[in-house]
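Participant: Okay, sequence plus prediction incoming.
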Amino acid sequence: LSLKFGDIDNLKGLVIRFLLTNSYYKLSVQNWFSLYRIQLLYNHSVQATFNATRIFAPVSYSYHCEHVSSLQRYNALLMPSSANDESRLWEVTFIDFQIQGFNIEGGQFAYAKDCASFFSPAILMGLVMSLILLLVLAYALHMLIHLKSLDRHYEYKASPAYFAQMKDGDMADEKEPLRNNGNESYELRSQQFHKVYI
């Protein structure tokens, strides 16, 4: 794939050439294309060559990346092909880069495979917050499971309740007759108490 820019300042016949491959991978059961080299041509000869890394997508997709560059601050997806050629003198950066070499329909890019890393700062922050919430939840469950019963703690500290004691031998002394419509009833009177702890 060649982009021809013509004459730009001292660069006569500037051309940027993208060399792509189309390969079938059994594991994914589909063809993938990859950009493996970029060449800069001017003055009717190849002046700089960069090897591309990690620029690939399924053949039915396009590839998109915010920056494809030879600079380290943009992850350096383009590497000089050798230490001896003039590519070391060039700094190449494509902004909002999108490419599709095969299966182009209607002159439009297909769905893009983006180069953005799965672990972006926003995703990492969400994972950290989820981990903190899980730790708090685990601590709360641990405290609930190991919560001690209050019955044993307050067994000897509860205030006593008093209930009247009743003895079979004293039933006759404790009875006092009551009259109610001709039926004989008795009222129990006792002054002895037992202490029961609750």
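Facilitator: Arrived safely, thanks for sending. Residues are numbered from 1 along each chain as shown.
Participant: drop to CA atoms for contacts and neighbour counts, all remaining ones
Facilitator: Noted.
Participant: Could you list the residues in contact with stretch 80-92?
Facilitator: 47-51, 69-71 (C-alpha atoms under 8 Å, 6 or more residues apart in numbering).
Participant: Just give the nearest non-adjacent residue to Ser34, would you?
Facilitator: Sequence neighbours aside, Phe56 is the residue nearest to Ser34 in space, at 4.1 Å (criterion: C-alpha to C-alpha, 6 or more residues apart in numbering).
Participant: Next, count neighbours for that neighbour.
Facilitator: 24 (other C-alpha atoms under 10 Å).
Participant: That one touches Trp32, doesn't it?
Facilitator: Yes - counting by C-alpha atoms under 8 Å, Phe56 touches Trp32, with 6.9 Å between them.
Participant: By residue count, what's the longest helix in this structure?
Facilitator: In the chain, taking DSSP state H as the definition, the longest helix is helix 121-145.
Participant: Give the rounded mean pLDDT of that helix.
Facilitator: Average pLDDT, helix 121-145: 89.
Participant: I'd like the distance from it to the chain centre, please.
Facilitator: Helix 121-145 has its average C-alpha position 12 Å from the chain's average C-alpha position, going by C-alpha atoms, centre = their mean, to the nearest Å.
Participant: Then stretch 63-70?
Facilitator: With C-alpha atoms, centre = their mean, you get 25 Å for stretch 63-70.
Participant: And it, what's buried?
Facilitator: Using 16 or more other C-alpha atoms under 10 Å as the test for burial, stretch 63-70 gives 63-65, 67-70.
Participant: go on, stretch 19-27?
Facilitator: In stretch 19-27, counting by 16+ other C-alpha under 10 Å, buried: 19-20, 22.
Participant: can you redo the residues you listed as a markdown table with distance to Leu135 and pLDDT?
Facilitator: A markdown table is the format used below for the buried residues of stretch 19-27 (distance: C-alpha to C-alpha, whole Å; pLDDT from 0 to 100):
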| residue | distance to Leu135 | pLDDT |
| --- | --- | --- |
| Leu19 | 50 | 91 |
| Leu20 | 48 | 89 |
| Asn22 | 47 | 87 |
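Participant: From those, which land in helices?
Facilitator: Among these, no member lies in helices (by DSSP H).
Participant: In strands, which of those fall?
Facilitator: Using DSSP state E, 19-20, 22 are the members of the buried residues of stretch 19-27 that sit in strands.
Participant: do you know how far the residue nearest to the spatial centre of the chain is from Ile104?
Facilitator: When the chain is reduced to its mean C-alpha position, the nearest residue by C-alpha atoms, centre = their mean turns out to be Leu127, at 4.1 Å. Leu127 sits 38 Å away from Ile104, going by C-alpha to C-alpha, to the nearest Å.
Participant: Excluding chain neighbours, give the residue nearest to Phe102 in space.
Facilitator: Val59 is the one closest to Phe102 (C-alpha to C-alpha, 6+ apart), at 6.2 Å.
Participant: same deal with Leu19?
Facilitator: According to C-alpha to C-alpha, 6+ apart, the nearest residue to Leu19 is Arg37 (5.3 Å).
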